[in-house]
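Chemist: A structural model of the following input is requested.
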Amino acid sequence: MMLINVIVRRDDFEGAMSFKNIGAAVLVTVSLGACGSIVRGTTEQISFVSVPSGAAMTTDKKYACPTTPCTLEVERSDEFVATFTKPGYHPESIPVRTKVAGRGAASVAGNVLAGGLIGVGVDAYTGAALDHEPNPVIATMRPEAGPSSRSRRRGPGPNEPGM
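Modeler: This is a model prediction of the structure:
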């Protein structure tokens, strides 16, 4: 077995390690700061409101709440139609779509500048660069015409004397 003695000046070694450590820290910080999946997350809080309150809300995805107002955690990449129902009112359906948000666009640009092609792909796949519109989702419910309003007269009938 052969031993090799290497003499390294301590100040050269520490200087090189410090520079490498600083460079690595800067690279990691820039990369993480640019990644929307880390900064913004892959879900978003959406509020659902009906006028009058107390309607049930369901979607064509997995989201629902028994009475409004309510707030749900929704995947940023999901687009859906929210349908509000309440006895005595017509159902109201509102499409909820995604759009690239200002902060999401900044994250994508940061990924590109930092050379994070993988980060851009992850953000696009997870929807981290997206926001939902509208948020809050507000449905104004229209009352159904009840039988009492149809049978109520507003004036004399066709063969009845007038006032």
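
Chemist: going by C-alpha atoms from here, please, whenever you check contacts or count neighbours.
Modeler: OK.

Chemist: in the protein, where is pLDDT below threshold?
Modeler: The model of the chain has pLDDT under 70 over residues 1-40, 102-125, 127, 146-158, 160-163.

Chemist: now do 90
Modeler: Counting by pLDDT under 90, the chain has low-confidence residues at 1-42, 77, 99-132, 145-163.

Chemist: what lines up beside the helix or strand where residue 57 lies in the sheet?
Modeler: Counting by DSSP states H and E, the element that carries residue 57 is strand 56-59. Under the criterion DSSP bridges, strand 56-59 sits next to strand 64-65 (antiparallel), strand 80-85 (antiparallel) in its sheet.

Chemist: what's the most buried one of these?
Modeler: strand 80-85 (a mean of 20; mean count of other Cα atoms under 10 Å).

Chemist: need the CA coordinates for that one. PDB is fine.
Modeler: Output of strand 80-85 as PDB, limited to C-alpha atoms (Å, rounded to 0.1, in the frame of the first residue of the first chain):
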ATOM      1  CA  PHE A  80     -64.400  23.300 -14.700                       C
ATOM      2  CA  VAL A  81     -68.000  24.500 -14.700                       C
ATOM      3  CA  ALA A  82     -69.500  25.400 -11.300                       C
ATOM      4  CA  THR A  83     -73.200  24.800 -11.000                       C
ATOM      5  CA  PHE A  84     -75.300  26.400  -8.200                       C
ATOM      6  CA  THR A  85     -78.700  25.000  -7.200                       C
END
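
Chemist: not counting sequence-adjacent ones, nearest residue to residue 64?
Modeler: Nearest residue to residue 64, sequence neighbours excluded (Cα to Cα, 6 or more residues apart in numbering): residue 58, at 4.3 Å.

Chemist: show me the contacts for that neighbour.
Modeler: Applying Cα atoms under 8 Å, 6 or more residues apart in numbering to residue 58 gives the contacts 64-65, 82-84.
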